[in-house]
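1. predicted model and sequence follow; I will ask about them next.
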Amino acid sequence: LGLSPYARGSLGACLQAAAQGGCQVSPPYNSAYITKLLRNYRSHPGILQLPNRLFYDDELIASADPMITDSLLRLEWLPNHTHPVLFHNLVGKDEREGNSPSWFNVLEAKQVGEYVRLLLENRRGGRVDASNIGVITPYRKQVQKLQAL
């Protein structure tokens with residue numbers, strides 16, 4: 001399987017290497033210009049592990065309410081009921097339209113749409129409102145394809 005254009009980039013490669021224990025990040029930041037926020041009030045601690053190690057020198061503190069962060073751990077389609085993360089590999093086609101430099105993948109967009117539908121229709125655990133769902137993609141065209149679903 002090939003990597004998507006994003007995964008071929010340095011951040012994607014670094015995150016992949018970090019997951020296997022071998023990525024070096026840039027030297028420490030200049031505190032005269034950057035304030036490092038250390039409390040995260042939104043994410044499950046399991047989601048914060050990798051960025052905490054890579055970018056926060058293990059100083060990040062998971063401060064979200066466990067009643068919220070653990071509310072969907074029992075979703076039947078999650079492979080690990082202690083860690084609310086799902087990686088789903090698809091063999092789709094990375095495409096561009098016309099002269100646009102932005103990429104999209106129709107198969108990925110449809111799968112994301114299916115996961116959003118499953119979250120909204122969830123009857124177990126916590127109820128999810130559409131305003132609480134965020135989808136992150138580095139490509140504007142992928143955003144447009146998702147919005148069209």
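-> Cool, got the structure.
2. from Tyr56, how far off is the residue sitting furthest away from the middle of the chain?
-> Relative to the C-alpha centroid of the chain, counting by CA atoms, centre = their mean, Ala32 is the outermost residue, at 29.6 Å. Distance, Ala32 to Tyr56, by CB to CB, to the nearest Å: 18 Å. For every residue, glycine as well, the C-beta is placed using N, CA and C.
3. same question, Arg39
-> 11 Å.
4. next one: Pro66
-> From Pro66 across to Tyr56, the span is 20 Å (CB to CB).
5. between the two, which is the more surrounded one?
-> Between Pro66 and Tyr56, Tyr56 has the larger neighbour count (other CB atoms under 10 Å), namely 15 against 10.
6. the strands in this structure, which residues?
-> 39-40, 61-62 (DSSP state E).
7. remind me which residues of this structure are low pLDDT?
-> Across the chain, the ranges flagged by pLDDT under 70 are 1-29, 124-126.
8. quick check: longest helix of it.
-> Across the chain, the longest stretch assigned as helix under DSSP state H is helix 106-121.
9. how distant is it from the center of its chain?
-> Distance of helix 106-121 from the chain centroid (CA atoms, centre = their mean, to the nearest Å) equals 14 Å.
10. for that helix, packing partners?
-> With contacts defined as 3 or more CB pairs under 8 Å, 6 or more residues apart in numbering; DSSP states H and E, helix 106-121 has these neighbours: helix 140-148.
11. what's the helix it packs on in contact with?
-> Residues outside helix 140-148 that contact it (CB atoms under 8 Å, 6 or more residues apart in numbering) are 96-97, 100, 102-106, 108-109, 112-113, 135, 137.
12. could you rerun that using 7 Å?
-> Residues outside helix 140-148 that contact it (CB atoms under 7 Å, 6 or more residues apart in numbering) are 97, 100, 102-106, 109, 112-113, 135, 137.
13. helices of the chain, start to end?
-> For the chain, the helices defined by DSSP H cover 5-8, 10-19, 45-55, 66-69, 106-121, 140-148.
14. ok, which of those helices comes nearest Leu86?
-> Taking CB to CB, helix 106-121 is the member of the helices of the chain nearest to Leu86, at 7.5 Å.
15. what angle do the closest one and helix 140-148 make?
-> On the basis of axes from the mean of the first three to the mean of the last three CA atoms, to 10 degrees, helix 106-121 is oriented at 40 degrees to helix 140-148.
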